[in-house]
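no sequence for this one, just the structure:
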């Protein structure tokens, strides 16, 4: 009830927090190093794709607050877990590539590539907002394979470290979202084809 009543206000607050997090991440080397040290814990790699499940649910329910809170969780989940005891060389190299990407020079190409993240989340949200399961699942699949392709093409061999977490996350998301939408459909909701 609280989220419904203050839906747009809560959404704006969490959108602000997400933007603030992004600005701090790309402007503070100390914060970025601290966050990425924890992001070496691959549990964060496995949990991040799972946030697409509540994102899709909140889009289906047309909850701006739920969507905004979920996006905030996606971004901050990189440092929810403690620094791991040991880290594979491939993971270290890939995360170093991501740090270099975030802290390097920003040109038009890089800005356009980075805009693919909010654009893909917008398309995902629109698919489920319109209750179109098939468009939504198609976007999720494109996000997963886009992340894999970008990682390998940009970071080389170390980019392959993302494959298993991305595929496992994709499979769990597709199964749970499909099942959840079938259940919602049984309760009188229409799922477009």
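Looks like it came in fine. Because the structure is predicted, anything quoted here is derived from the model rather than measured.

The residue nearest to the spatial centre of the chain: helix or strand, and which one exactly?
What sits nearest the mean C-alpha location of the chain, by Cα atoms, centre = their mean, is residue 74, with 4.9 Å. When elements are assigned from DSSP states H and E, residue 74 belongs to helix 64-76.

By mean pLDDT, point me to the weakest helix or strand of this structure.
Sorted by mean pLDDT, DSSP states H and E, the helices and strands of the chain end with helix 2-5, the least confident at a mean of 70.

Helix 64-76 and the helix or strand just after that helix, what's the angle between them?
Note on helix 2-5: by DSSP H and E, the next helix or strand toward the C-terminus is helix 7-27. Following axes from the mean of the first three to the mean of the last three Cα atoms, to 10 degrees, one obtains 20 degrees for the angle between helix 7-27 and helix 64-76.

Which residues does helix 7-27 contact?
Contacting residues not belonging to helix 7-27 are listed as 3, 31-32, 35, 63-65, 67-69, 71-72, 75-76, 102-103 [Cβ atoms under 8 Å, 6 or more residues apart in numbering]. Backbone N, C-alpha and C define where each C-beta goes, glycine included.

Next secondary structure element downstream of it?
As assigned by DSSP H and E, the chain's next helix or strand after helix 7-27 is helix 29-39.

Contacts for the helix or strand just after that next one next, please.
Read in the C-terminal direction, the helix or strand following helix 29-39 is helix 43-47, with elements assigned using DSSP H and E. Outside of helix 43-47, the residues within contact range by Cβ under 8 Å, 6+ apart are 38, 39, 77, 78, 79, 80, 81, 162, 165, 168, 169.

What is the subsequent helix or strand relative to helix 43-47?
The element immediately downstream of helix 43-47 (helix or strand, assigned by DSSP H and E) is helix 52-60.

Give me the pLDDT for residue 124.
If you check residue 124, the pLDDT there is 94.

hmm, I was thinking of residue 131
Note on residue 131: pLDDT of 89.

do residue 193 as well
We note a pLDDT of 46 for residue 193 in this prediction.

just residue 100 next, same as before
At residue 100 the predicted local distance difference test score is 84.

Need the three-state assignment for it.
Per DSSP: H, G, I helix; E, B strand; the rest coil, the local secondary structure of residue 100 is helix.

where does this protein have low pLDDT?
Per-residue confidence of the chain (counting by pLDDT under 70) places the weak regions at 1-3, 185-193.

For the helix holding residue 74, give me every contacting residue.
Where contact means Cβ under 8 Å, 6+ apart, the residues beyond helix 64-76 that reach it are 3, 6-15, 17-18, 21-22, 48, 51, 54-55, 57-59, 121, 125.

angle of it against helix 52-60?
Taking the same axes, to 10 degrees, one finds helix 64-76 and helix 52-60 inclined to each other by 160 degrees.

Which secondary structure elements does the host helix or strand of residue 94 sit against?
Residue 94 is located in helix 89-103, with elements delineated by DSSP H and E. Helices and strands touching helix 89-103, by 3 or more Cβ pairs under 8 Å, 6 or more residues apart in numbering; DSSP states H and E, are helix 7-27, helix 29-39, helix 133-155.
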